[in-house]
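1. Next come a sequence and a model predicted from it.
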Amino acid sequence: MRVLLKATLDTEKANEVIRSGKMESLIKETIDHIKPEAAYFGVIGGRRTALMVFDMQDSSQMPPIGEPFLMELNAEVDVCPIMNGDDLAKGLSQLG
C-alpha cells in the first residue's frame, strides 16, 4: 500500500543532530531503508518536515520506519494511506 510519512522534527533536537553532523547520515539511512518513490524536505508550520511516499507491505514495518524519527529527532510522525490518480480512478469506478 502506498503511504505518506510526514515527520515534523523537534527544532531543538534537530538543531542538536545537525550540529553533531549526524543529520545527513540519519536521513540517508532512513531513505536507504524506506526506499521512497519520493522524498521532500522543507518547513511546514514553522518546523522542519520530511515527507516521504513509499510502499508499505505490512503494518509491522511501522516501528522500524518511524522509530528513528521518534527516537533521534523527537519528531511527530504521521503515516497515512494515499492514492495516485490511477488508484483514485480505480476506487471511484467501484462505487457503482
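-> Structure received.
2. Could you list the alpha-carbon positions for the top strand by length along the chain in PDB?
-> Identified as the longest strand of the chain according to DSSP state E is strand 47-55. Taking Å, rounded to 0.1, in the frame of the first residue of the first chain, the C-alpha atoms of strand 47-55 are listed here in PDB:
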ATOM      1  CA  ARG A  47       9.100  23.400  11.700                       C
ATOM      2  CA  ARG A  48      11.500  21.200   9.700                       C
ATOM      3  CA  THR A  49       9.500  18.500   8.000                       C
ATOM      4  CA  ALA A  50      10.200  15.400   6.000                       C
ATOM      5  CA  LEU A  51       7.600  14.000   3.600                       C
ATOM      6  CA  MET A  52       8.100  10.500   2.100                       C
ATOM      7  CA  VAL A  53       5.900   8.400  -0.200                       C
ATOM      8  CA  PHE A  54       6.700   4.700  -0.100                       C
ATOM      9  CA  ASP A  55       5.100   1.300  -0.400                       C
END
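3. Partner strands of that strand, with direction?
-> Partner strands for strand 47-55, per DSSP bridges, with pairing direction: strand 2-8 (antiparallel), strand 38-44 (antiparallel).
4. Toward the C-terminus from it, list the very next helix or strand.
-> The C-terminal neighbour of strand 47-55 among helices and strands, as given by DSSP states H and E, is helix 62-73.
5. picking up where we left off before, make a markdown table from the strands paired with strand 47-55 and add distance to Glu24 and mean pLDDT to it.
-> (Glycine included, C-beta is placed from N, CA and C.) Below are the strands paired with strand 47-55 laid out as a markdown table (distance: least, C-beta to C-beta, whole Å; pLDDT from 0 to 100):
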| stretch | distance to Glu24 | mean pLDDT |
| --- | --- | --- |
| strand 2-8 | 16 | 97 |
| strand 38-44 | 12 | 98 |
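6. any idea which of those strands is most buried?
-> Neighbour counts (mean count of other C-beta atoms under 10 Å) averaged over each of the strands paired with strand 47-55 peak at strand 2-8, with a mean of 19.
7. from the chain's centre, how far out does that one sit?
-> Distance of strand 2-8 from its chain centroid, counting by C-alpha atoms, centre = their mean, to the nearest Å, is 4 Å.
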